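Engineer: Pasted the sequence and its predicted model underneath.
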Amino acid sequence: MSTMIATRDAYGEVLAELGAENADVVVLDADLSGSTKTAVFARKFPERFFNMGIAEANMIGTAAGLAAAGKIPFASTFAIFAVGRAWEQMRQSVAYPKANVKIVATHSGVTVGEDGGSHQSVEDIAITRAVPNMTVIVPADGEETKQAIRAAAAYKGPVYVRLGRNKVPTIFGNDYRFTIGKGVQLREGTDLTFVATGLMTAQALAAAEELAKGGISARVVHLATIKPLDEEIIVAAARETGAIVTAEEHSIVGGLGGAVAECLGERFPAPLVRVGIKDRFGTSGKAEELLEYFGLMPEDLVVAAREVLARK
Amino acid sequence: MNDTVQALTEKARRLRVDIVKTLHRSRSGHTGGSLSAIDMITALYFHKMRHRPEEPSWPDRDRFVLCKGHAAPAQYVALAEAGYFPKEDLMTLRRLGSHLQGHPDSKVTPGVEVCTGSLGQGLSMANGMAMALKLDGRASRVYALLGDGELQEGQVWEAAMAAPHYRLDNLCALVDCNGLQIDGEVAKVMNVAPVADKFRAFGWHVLEIDGHDMAAVLQALDRAETLTGAPTVVVARTVKGKGVAFFENKASYHGVTPSDEELPRALECLGCFEDCEKIVD
């Protein structure tokens, strides 16, 4: 846990690299290119960058048209607008035809911070996951973001990638190999398993460290791909550790927690506690304050672990 | 030119017959808006557009987007006539397992470029294609056919703003202004007039025609090709249900298909005197 980098910054970097490597990569933004970091690409490849103005529905539809004519479009804005405002465009123009469009949204979750609940998307995993043909990826750090963006570009079909505004600790080294649809075990453990995604994976690692001090052995599984779900790693965790705590910076309704609950319910029922936003909207505040306010800190995961252990 | 106009007019008449038979068989689908659009669709597929039915993904083809996707039967009969798939397939429209879905689906129908059906999304996709073709330096053009009721969707105006911004003069939109939508007259449900002025204000080249006058349609499409610096929109006055007297100008025939009783009368209106007992079976 040395360097800190925001996943959106990693996105800006890797997108510019991809632009140099593949002339078919085009980028669209909706007046937020400075924030989403697509501006890095725009400066290098102005002829392949399209600012669509504050019109997200048209941006997603235009991306679908570019894909239909052979391009690999990356369309970016904040998560609430990419998925919220343009949900049906994503469904009809992108997912239904299986268009080769990459929707990469930044500023997801409550760590958007001061802008408040209007701008804090806590539902986007649930509503992208529900759409057939969609692949949904929530990277944990800069390195994984870069690899996930490259994997999305190489994959033929619609992909939603959920990124954040703030700096997050680096978890993965360059020896890490991201694969769409594969979870990764980051820490061995026998008493329970944290299944975490996005920035909550770092929190889960810290919680596992804390639990170890009290003699509790917590496994940590990082699921960057929420869809398709790596059911095997979840079922194995339930079988081998007997209890699961999910952790996401998203509503506990329909996101990672929902997906894991569906999997366990059908395949290996086990005690489960879902840590996330408890069916509420966000609010203004500093990102760090909001992680505390919404119960997304390592100590909250420790409490959840004790709760789930009591139900074993 | 006269011969061309005559031949295309005749082709459109025969395609109207195909639309009526297809919709009678499917017993579900949109009759009025298919008949109002078919003259323009005929002009595009059998005169204006460069395309290869035997090679649907030919990179230099012109593209057609049926933004008003509920008029799918009009596109399907044209695709079948052009040879993209056998005409018999038309009789499977809207059936389970058919490659002719209720609304255009690029995954399953050869010659369909994108998925439409949810109104208001097609023009954005047409823009995207026009942008890609420009990036690739191809001379291909993109044609997008919208309905006038569809103009009530806000996304149409987002796209209408973007196309002139990116100087998409390889794009030609056509608006099938039949004046009717499901709940009644467009002017009464939610007025979209003046359509031409709106597009003009958004920076488009605007041509206004009678959408059933084949000579005028061809002239407009030719003219659109010469207009540069901005996209062109052809605002076409049309008649919903055109060609079948008792369907014409009736909002009630938006999503209603010809019954067994109506079929022979409808075909007669189109100068087709087939043995309908055989068709009705």
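Structural biologist: Great, that's in hand. Residues are numbered from 1 along each chain as shown, chains lettered A, B, ... in the order given.
Engineer: What average pLDDT does the host helix or strand of B:Leu221 get?
Structural biologist: Under the criterion of DSSP states H and E, B:Leu221 resides in helix B:214-226. Averaged over helix B:214-226, pLDDT sits at 98.
Engineer: can you check stretch B:236-251 too?
Structural biologist: Per-residue scores along stretch B:236-251 average to 95.
Engineer: just stretch B:21-37 next, same as before
Structural biologist: 96.
Engineer: Buried residues, that stretch. List them.
Structural biologist: Going by neighbour count (16 or more other CB atoms under 10 Å in any protein chain shown), the buried part of stretch B:21-37 is B:21-26, B:29-37. The C-beta positions use only the backbone N, C-alpha and C, and glycine is treated the same way.
Engineer: does the closest residue in space to A:Gly65 that isn't next to it in sequence sit in a helix or strand, and which one?
Structural biologist: Among residues not flanking A:Gly65 along the chain, B:Gly128 sits closest, at 2.1 Å (CB to CB, 6 or more residues apart in numbering or on different chains). Element membership for B:Gly128 (DSSP H and E) is helix B:122-135.
Engineer: I'd like the next helix or strand past that helix.
Structural biologist: strand B:142-147.
Engineer: What count of nearby residues applies to the closest residue to B:Thr9 other than its chain neighbours?
Structural biologist: For B:Thr9, ignoring the flanking residues on the chain, the nearest one in space by CB to CB, 6+ apart is B:Met214 at 4.8 Å. Look at B:Met214: counted by other CB atoms under 10 Å in any protein chain shown, it has 23 neighbours.
Engineer: hey, where'd the helices end up in the stretch 151-300 of chain A?
Structural biologist: Chain-ordered helices for the stretch 151-300 of chain A, with DSSP state H, counting those that start in this stretch as the definition, fall at A:200-213, A:231-241, A:256-267, A:287-293, A:298-310.
Engineer: Quick one, which of these gets closest to A:Val136.
Structural biologist: A:Val136 sits nearest to helix A:256-267 of all those, at 9.2 Å, using CB to CB.
Engineer: coming back round to it: narrow the buried residues of stretch B:21-37 to those in helices?
Structural biologist: Among those, the ones falling in helices (DSSP state H) are B:Lys21, B:Thr22, B:Leu23, B:His24, B:Arg25, B:Ser26, B:Gly32, B:Gly33, B:Ser34, B:Leu35, B:Ser36, B:Ala37.
Engineer: From those residues, pick the one nearest chain A.
Structural biologist: Within these, the smallest distance to chain A is 18.6 Å, found for B:Gly33 (CB to the nearest CB).
Engineer: Widest-spaced pair of the buried residues of stretch B:21-37?
Structural biologist: Spatial extent of the buried residues of stretch B:21-37 (CB to CB) is set by the pair B:Arg25 and B:Ser36 at 20.6 Å.
Engineer: hang on, the earlier thing: please tabulate the helices of the stretch 151-300 of chain A in JSON lines, including the columns mean pLDDT and distance to chain B.
Structural biologist: JSON lines is the format used below for the helices of the stretch 151-300 of chain A (pLDDT from 0 to 100; distance: least, CB to the nearest CB, whole Å):
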{"stretch": "helix A:200-213", "mean pLDDT": "98", "distance to chain B": "35"}
{"stretch": "helix A:231-241", "mean pLDDT": "98", "distance to chain B": "27"}
{"stretch": "helix A:256-267", "mean pLDDT": "98", "distance to chain B": "26"}
{"stretch": "helix A:287-293", "mean pLDDT": "98", "distance to chain B": "32"}
{"stretch": "helix A:298-310", "mean pLDDT": "98", "distance to chain B": "41"}
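Engineer: which parts of chain B sit against chain A?
Structural biologist: B:59, B:63, B:105-107, B:113-118, B:120-133, B:135-136, B:154-155, B:158-159, B:161-162, B:165-166 (CB under 8 Å from any CB of the partner chain).
Engineer: Would you list the buried entries among those?
Structural biologist: Using 16+ other CB under 10 Å as the burial test, these include B:63, B:105-106, B:113-118, B:120-133, B:135, B:155, B:158-159, B:162, B:165-166 as buried.
Engineer: Could I get the contacting residues of residue 176?
Structural biologist: Going with chain A. By CB atoms under 8 Å, 6 or more residues apart in numbering or on different chains, A:Tyr176 lies in contact with A:Glu143, A:Glu144, A:Gln147, A:Val184.
Engineer: looking at chain B here, not the other one
Structural biologist: B:33, B:36-37, B:40, B:68, B:71, B:145-148, B:211, B:236, B:238.
Engineer: can you list these in JSON lines and add distance to A:Pro46?
Structural biologist: Formatted as JSON lines, those follow (distance: CB to CB, whole Å):
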{"residue": "B:Gly33", "distance to A:Pro46": "41"}
{"residue": "B:Ser36", "distance to A:Pro46": "42"}
{"residue": "B:Ala37", "distance to A:Pro46": "38"}
{"residue": "B:Met40", "distance to A:Pro46": "36"}
{"residue": "B:Lys68", "distance to A:Pro46": "35"}
{"residue": "B:Ala71", "distance to A:Pro46": "38"}
{"residue": "B:Leu145", "distance to A:Pro46": "32"}
{"residue": "B:Leu146", "distance to A:Pro46": "31"}
{"residue": "B:Gly147", "distance to A:Pro46": "36"}
{"residue": "B:Asp148", "distance to A:Pro46": "37"}
{"residue": "B:Gly211", "distance to A:Pro46": "39"}
{"residue": "B:Ala236", "distance to A:Pro46": "37"}
{"residue": "B:Thr238", "distance to A:Pro46": "41"}
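Engineer: Out of the residues you listed, flag the one nearest to chain A.
Structural biologist: Closest to chain A, out of all of these and judged by CB to the nearest CB, is B:Leu146, at 13.1 Å.
Engineer: Span of stretch A:149-168 from start to end?
Structural biologist: This stretch, stretch A:149-168, spans 17 Å end to end (CA to CA, to the nearest Å).
Engineer: Tell me the pLDDT of the residue in chain B that chain A sits nearest to.
Structural biologist: Chain A sits closest to B:Gly128 of chain B, with a gap of 2.1 Å, by CB to the nearest CB. For B:Gly128, the pLDDT comes out at 98.
Engineer: Would you agree it is in contact with A:Ala64?
Structural biologist: Yes: if you go by CB atoms under 8 Å, B:Gly128 and A:Ala64 touch, sitting 6.1 Å apart.
Engineer: Tell me the spatial nearest neighbour of the residue in the stretch 151-300 of chain A that chain B sits nearest to, not counting adjacent residues.
Structural biologist: As assessed by CB to the nearest CB, chain B sits closest to A:Gly157 within the stretch 151-300 of chain A, at 11.5 Å. The shortest distance from A:Gly157 to any non-neighbouring residue, by CB to CB, 6+ apart, is to A:Lys98 (5.3 Å).
Engineer: Could you do B:Arg138 as well?
Structural biologist: B:Arg138 sits nearest to B:Asp60 (CB to CB, 6+ apart), 5.8 Å away.
Engineer: what's the neighbour count on that neighbour?
Structural biologist: Considering only other CB under 10 Å, B:Asp60 is surrounded by 12 other residues.
Engineer: Looking at it now. What's its pLDDT?
Structural biologist: 98.
Engineer: Where does it sit: helix, strand or coil?
Structural biologist: coil (DSSP: H, G, I helix; E, B strand; the rest coil).
Engineer: so who does it touch?
Structural biologist: By CB under 8 Å, 6+ apart, the neighbours of B:Asp60 are B:Arg50, B:Arg138, B:Ala139, B:Ser140.
Engineer: Only the buried subset of the residues you listed, as a ChimeraX command please.
Structural biologist: Buried residues within the contacts of B:Asp60, by 16+ other CB under 10 Å, are selected in ChimeraX with:
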select /B:140
